[in-house]
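>>> just the structure for this:
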Amino acid sequence: MTAINLIEEAGTLNSRLAALDLAGRLSLVAGLGGRAVFTTSLGIEDQVITAEIGNHRLPIDVVTLQTGRLFPETLALIDETESQYDIHISRYEPEQADIDAYAAKYGLNGFYESVEARHACCGVRKLKPLARALSGATIWVTGLRRGQSNNRADTPFAEYDPERNLIKVNPLADWDIDVIRAYVADNSVPVNPLHQRGYPSIGCEPCTRAIKPGEPERAGRWWWENDETRECGLHVAEEAVVAAQ
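Presented below is the predicted three-dimensional model:
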């Protein structure tokens, strides 16, 4: 399918998804045909989507990027979630050769030294595994929400991803954190215990800290950098990441 066709399809899908609840949105996506992939970081938003997929037995592949630097609590939650919902979460890991090459150039923790080095680490540990995870996919489902940061304030329900030539679906785009927490409480959804310790957004352990009162949800990610719109590159175009360096 051409980019123009996918752009038009994404626009139509965006309007259809807006009128549905979460279960309806995911059911619609699951019925579109082709391979639908949900990438979970095991954060509270993603756990809500995983619960819906598992409870309704939806044909959406659930995958995670096991970067090699995740918190122990996150790794334990993968197993707990699989058990609770009787699903398989596919793990995509970085290639050892890529990690070795990164360490040789920047040092294993070189991401603290420059934005360039940090983006290179995200590229090795996240972007390259993501490319493998999305191979053959026509739909990419994410847990992006408008309330997560200013950079995500205009997140649509569906959009064309030109980097990967597929449609990206964000079924929780209009959910705020209070609705998320209520769903978790009402449905006994397992969540990362780090959320209760001041980590609303959880990534790799060396790159994530608890936030301070009044800080945005994602202020604890790559906290040593000054750019308030900082991202790892998963959800911004490659050109934008390069421009930010």
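>>> quick one: contacts of the longest helix along the chain?
Counting by DSSP state H, the longest helix found in the chain is helix 3-18. Taking CB atoms under 8 Å, 6 or more residues apart in numbering as the criterion, the residues outside helix 3-18 that touch it are 1, 25, 28, 32, 156-160, 162, 165-169, 171, 174. (C-beta placed from N, C-alpha, C; glycine too.)
>>> quick one, helices of the chain?
Taking DSSP H as the criterion, the chain carries its helices at 3-18, 22-30, 44-55, 72-85, 96-106, 115-122, 128-133, 177-187, 238-244.
>>> comparing those helices by mean pLDDT, which bottoms out?
Comparing mean pLDDT across those, the lowest value falls on helix 238-244: a mean of 34.
>>> farthest from the middle of this protein: give me that residue.
Here the centre of the chain is the reference, and by CA atoms, centre = their mean the most remote residue is residue 104, at 28.2 Å.
>>> what about it, distance to residue 31?
With distances taken as CB to CB, to the nearest Å, residue 104 is found 47 Å from residue 31.
>>> same deal with residue 122?
Relative to residue 31, residue 122 is positioned 33 Å away (CB to CB).
>>> and what of residue 169?
The spacing between residue 169 and residue 31, counted by CB to CB, is 12 Å.
>>> who has more neighbours, the two?
residue 169 (27 against 10; other CB atoms under 10 Å).
>>> partners of the more buried one in the sheet?
Partner residues in beta bridges with residue 169: residue 141, residue 158, with DSSP bridges as the criterion.
>>> ditto for residue 38
Beta-bridge partners, per DSSP bridges, of residue 38: residue 62, residue 141.
>>> so for it, what pLDDT did the model give?
Confidence per residue is given as pLDDT, and for residue 38 that number is 98.
>>> wait, doesn't it sit right on residue 60?
Yes. At 5.2 Å, residue 38 and residue 60 qualify as touching, with contact defined as CB atoms under 8 Å.
>>> name all residues that make contact with residue 136.
Listed by CB under 8 Å, 6+ apart, the contact partners of residue 136 are residue 35.
>>> relative to residue 37, how far out is it?
Computed as CB to CB, the residue 136 to residue 37 distance reads 9 Å.
>>> identify whichever of the helices of the chain lies nearest to residue 197.
Closest approach to residue 197 among the helices of the chain is made by helix 72-85 (9.2 Å; CB to CB).
>>> buried residues, the closest one. List them.
Of the residues in helix 72-85, 73-74, 77-78, 81, 84-85 count as buried by neighbour count, 16 or more other CB atoms under 10 Å.
>>> for those, give me CSV that also has distance to residue 11.
Conversion of the buried residues of helix 72-85 to CSV gives the following (distance: CB to CB, whole Å):
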residue, distance to residue 11
73, 39
74, 35
77, 35
78, 35
81, 33
84, 36
85, 32
